[in-house]
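Undergrad: one predicted model, sequence on top.
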Amino acid sequence: MRKWGAKNIRERIAARRAAAKSAAPAATESGRRRYTAEQLDFLRAGYQTMQVPELTAAFSARFGLQWTKGQIKGILSNHKITCGRAGGNRKGTSLLFTSEQTGFIAEFYRQHTITALTAALNRQFDTAFSEQQIKSFIGNHRIRSGRTGCFKKGHEPWNAGTKGQGLTGPNKGSFRSGTMPRNKRRLWSERLNVDGYIEISVPERNSWTGAATRWKCKHLWIWEAEHGPLPDGHAVAFIDGDRTNITLDNLMLVSRAELLRLNQNGYGEVQEPLKPAVLALTKLEVKMFAKAKKQVGHLLCPPG
């Protein structure tokens, strides 16, 4: 193995620097490179129509150099060479796709899905774009396929005129005529609502849906069957406070004011022996309040 001494290494470094210096433009006394007028004119003219990556490739091919985009950008900046274009990407251009690829996407998307478009684009240009990249590019550049997803007027389905030939049939889950759903509740069925009242399906028209039956509180249905329609401003309450004990002997008619006061006095939680006293006290309180309210009304608005 050949051994390199310090002298040999310095000589090789000097030789490489000399070769690089001969390939690059000459430097001025200040240390900056000197570019020929032809090179600067080429950059000024090319920068008007090309971006830096394209200009770098064209400049290197024209003068036989291997310069980077950073070097070209430095020349443009140091010599105050501008393109005259507004900042940002030119309308219709992309940093990810070439103009040829953009045209391919716009044309191919008219007849194919994004999945098929991605596969065709990668196969055509030997690239590895993902479906998400294609989808984002299409959305950002407002590329439209022209398809609406709807059948055109006059479209004839493939199975037109094939009735009776056994090509199609009902779905496995289709209802047949007269089929009764498993969750349909029959007349007089009962259920418990969220407030703890038992409801019953009765043969009354539902004013909301127009159905022949509706759900109604069972205690109210039983009371009205015995006493007739419920008077306005009244409610049917349970004497023992048990909403599931639905018998005529356990139902009582109270005014809305009495029902409010019963709830305020905790009638449902009162022990059974004390319920008659609480009920009587509540009725008395309601009457006293109504009388006091009437007297105050006369004071505020005296007759005559």
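TA: Sure thing, it's come through. Nothing here was measured: the structure is a model prediction, and the numbers come from that model.

Undergrad: surely Arg110 is in contact with Ile143?
TA: No: using Cβ atoms under 8 Å, Arg110 is not in contact with Ile143; the gap is 9.4 Å. Backbone N, C-alpha and C define where each C-beta goes, glycine included.

Undergrad: pLDDT weak spots in the stretch 51-200 of the chain?
TA: For the stretch 51-200 of the chain, the stretches flagged by pLDDT under 70 are 86-94, 168-172.

Undergrad: which stretches in it count as strands?
TA: 190-192, 198-202 (DSSP state E, counting those that start in this stretch).

Undergrad: please name whichever of those strands is nearest to Phe63.
TA: Evaluated over these, closeness to Phe63 peaks at strand 190-192, with 90.3 Å, by Cβ to Cβ.

Undergrad: can you list the strands that the closest one pairs with?
TA: Next to strand 190-192 in the sheet, as set by DSSP bridges, lie strand 198-202 (antiparallel).

Undergrad: Arg110 and Ile143 - which one has more neighbours?
TA: Ile143 (15 against 12; other Cβ atoms under 10 Å).

Undergrad: count of neighbours near the residue nearest to the more buried one when sequence neighbours are not counted?
TA: Counting by Cβ to Cβ, 6 or more residues apart in numbering, Ile143 lies nearest to Ala106, which is 5.3 Å off, once chain neighbours are set aside. Applying other Cβ under 10 Å, we find 14 residues neighbouring Ala106.

Undergrad: verify the contact between Leu40 and Leu76 for me.
TA: No: using Cβ under 8 Å, Leu40 makes no contact with Leu76, being 9.9 Å away.

Undergrad: what about the two, which has more around it?
TA: Higher neighbour count among Leu40 and Leu76: Leu76, with 18 against 14, using other Cβ under 10 Å.

Undergrad: residues touching that one, list them.
TA: Leu43, Tyr47, Val52, Thr82 (Cβ atoms under 8 Å, 6 or more residues apart in numbering).

Undergrad: show me the contacts for the third one.
TA: Translated: Val52. Lys69, Ile72, Lys73, Leu76.

Undergrad: swap the cut-off to 10 Å and go again
TA: Each residue near Val52 by Cβ atoms under 10 Å, 6 or more residues apart in numbering is listed here: Lys69, Gly70, Ile72, Lys73, Leu76, Cys83.

Undergrad: what's the closest of these to Leu95?
TA: Using Cβ to Cβ, Lys69 is the member of those that sits closest to Leu95, with 12.7 Å.

Undergrad: pretty sure the closest one sits against Met50.
TA: No: applying Cβ atoms under 10 Å, one finds Lys69 not in contact with Met50, separated by 11.9 Å.

Undergrad: out of the two, which sits in the more crowded spot?
TA: For Lys69 and Met50, the more surrounded residue by other Cβ under 10 Å is Met50, and the numbers stand at 16 against 13.

Undergrad: which non-adjacent residue is nearest that one?
TA: Once flanking residues are discounted, Met50 sits nearest to Ala58: 6.5 Å by Cβ to Cβ, 6+ apart.

Undergrad: Leu187 too?
TA: Distance criterion Cβ to Cβ, 6+ apart; nearest residue to Leu187, sequence neighbours excluded, is Ser201 at 5.4 Å.

Undergrad: ok, now which ones touch the one you found?
TA: Applying Cβ under 10 Å, 6+ apart, the residues near Ser201 are Arg185, Arg186, Leu187, Trp188, Ser189, Glu190, Arg191, Thr213, Arg214, Trp215, Lys216.
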